[in-house]
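S.K.: Prediction below, plus the sequence it came from.
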Amino acid sequence: MKLFAISDLHVRHPSNRRTVEELEGHRDDWLILAGDIGEEVSDLEFVLDTLASRFARTFWVPGNHELWTLPSGAGDPVRGARGEAKYAALVAACRSRGVVTPEDPYVRWPGEGPPTVIVPMHLLYDYTFHPDDVRTENAVAWAMESGVLCVDEQLLHPDPHPSRQDWCRSRVATTRARLDALPEDVQTILVNHFPLRRAHARLPLVPRFSVWCGTRATDDWHLRYRARAVVYGHLHIARTHFDDGVPFEEVSLGYPHQRRPGRPFLRQVLPRPEEGGA
């Protein structure tokens, strides 16, 4: 039995949509979808309807694209939903298909190894992934000095929270409370769309985009919550690296022009090679 992960499918791109349609099934294995499936609930529904039946169990966390409210959705109660209401519609689409979300109880991994739960998280960002000599309240202006401005500033609404930072703080507090309640002998697979550590938010072509990539509040969560692995996306730079002996898996598919020929679409998270995995 294996645990696979992928993120940033961006199925509005026709070739990415075909990739999802052609993806090989693993009926005995589990799948993590780590955000940025698409911009509307219908995009998520397409991916879930296509993939969920091909895996024994599926998990989902939202990316920033799922939380966008597109201008074309004005007047439509679903497509025009903002903030928490948009997130609730996404969660409902998952639950109606048996897909596990950040709002559901953590599921125990039945494979070999120590007791482990899969932890889907919805944490957002709070603009703190900036150099220490930049003040957080100036972080967006600092990014704009290099010509960088994330579309989230126009399309990702925090309603009913006063700001995206407030929504992030609320999500971090809620998630931390749930994780703190886990027994100390239980390990975790932490899943979030955004990287948990500022050091990982490195984008060589647009370095100041880091502002929209996470929160410093989660920097030690891989140790605090006994992670066997951390899964994330958002950066469109698929790779595996280790911090403190913990594997961090960036699992983005990315836009068509970013895909490397020959790279597997799915990343195997468990079992790891040192645990007898392929």
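M.R.: That came through, no problem.
S.K.: The closest residue to residue 267 other than its chain neighbours: how many residues sit nearby?
M.R.: Excluding the flanking residues, the one nearest residue 267 by CB to CB, 6 or more residues apart in numbering is residue 251, at 4.4 Å. All C-beta atoms are positioned from the backbone trio N, CA, C, and that covers glycine. For residue 251, the count of nearby residues is 24 (other CB atoms under 10 Å).
S.K.: Let me see the contact set for residue 251.
M.R.: Neighbouring residues of residue 251 by CB atoms under 8 Å, 6 or more residues apart in numbering: 5, 6, 7, 32, 34, 231, 232, 233, 238, 267.
S.K.: helix, strand or coil for the fourth one?
M.R.: Yep, that's residue 32 we're talking about. With DSSP: H, G, I helix; E, B strand; the rest coil as the basis, residue 32 sits in strand.
S.K.: Quick check: bridge partners of it?
M.R.: residue 5, residue 59 (DSSP bridges).
S.K.: Residue 269 is in contact with that one, correct?
M.R.: Yes: if you go by CB atoms under 8 Å, residue 32 and residue 269 touch, sitting 7.0 Å apart.
S.K.: which neighbours do those two share?
M.R.: With CB under 8 Å, 6+ apart, residue 32 and residue 269 have common neighbours 3, 4, 5, 189, 231.
S.K.: Out of these, the closest to residue 57 would be?
M.R.: Nearest to residue 57, judged by CB to CB, of the shared contacts of residue 32 and residue 269 is residue 3 at 9.3 Å.
S.K.: where does the closest one land on pLDDT?
M.R.: In this prediction, residue 3 carries a pLDDT score of 97.
S.K.: Neighbours of residue 79, how many?
M.R.: Per other CB under 10 Å, the neighbour tally for residue 79 reads 17.
S.K.: For it, give me its contacts.
M.R.: Residues near residue 79 by CB under 8 Å, 6+ apart: 40, 41, 69, 70, 72, 73.
S.K.: would you list the residues you listed in TSV and tack on pLDDT and neighbour count?
M.R.: Listed next are those as TSV, based on pLDDT from 0 to 100; neighbours: other CB atoms under 10 Å:
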residue	pLDDT	neighbour count
40	94	24
41	95	19
69	95	21
70	92	12
72	80	11
73	63	18
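S.K.: Those residues: which two are farthest apart?
M.R.: Spatial extent of these (CB to CB) is set by the pair 41 and 72 at 13.3 Å.
S.K.: quick one, what contacts residue 161?
M.R.: Here residue 161 is in contact with 83, 84, 167, 170 (criterion: CB under 8 Å, 6+ apart).
S.K.: how about a cut-off of 6 Å?
M.R.: Residue 161 is in contact with residue 167, counting by CB atoms under 6 Å, 6 or more residues apart in numbering.
S.K.: Helices along this protein, start to end?
M.R.: 14-22, 41-51, 84-95, 139-144, 152-155, 164-180, 221-224 (DSSP state H).
S.K.: Which of these sits closest to residue 199?
M.R.: Nearest to residue 199 among these is helix 221-224; the distance by CB to CB comes to 11.7 Å.
S.K.: in the closest one, what counts as buried?
M.R.: 221, 222 (16 or more other CB atoms under 10 Å).
S.K.: hmm, who's touching that helix?
M.R.: 196, 230, 244, 246.
S.K.: Report the rounded mean pLDDT for that helix.
M.R.: 98.
S.K.: got the CA coordinates for it in PDB?
M.R.: Provided in PDB are the C-alpha atoms of helix 221-224 (Å, rounded to 0.1, in the frame of the first residue of the first chain):
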ATOM      1  CA  TRP A 221       5.700  22.200  13.000                       C
ATOM      2  CA  HIS A 222       7.600  19.300  11.300                       C
ATOM      3  CA  LEU A 223       9.400  18.800  14.700                       C
ATOM      4  CA  ARG A 224       6.600  19.900  17.000                       C
END
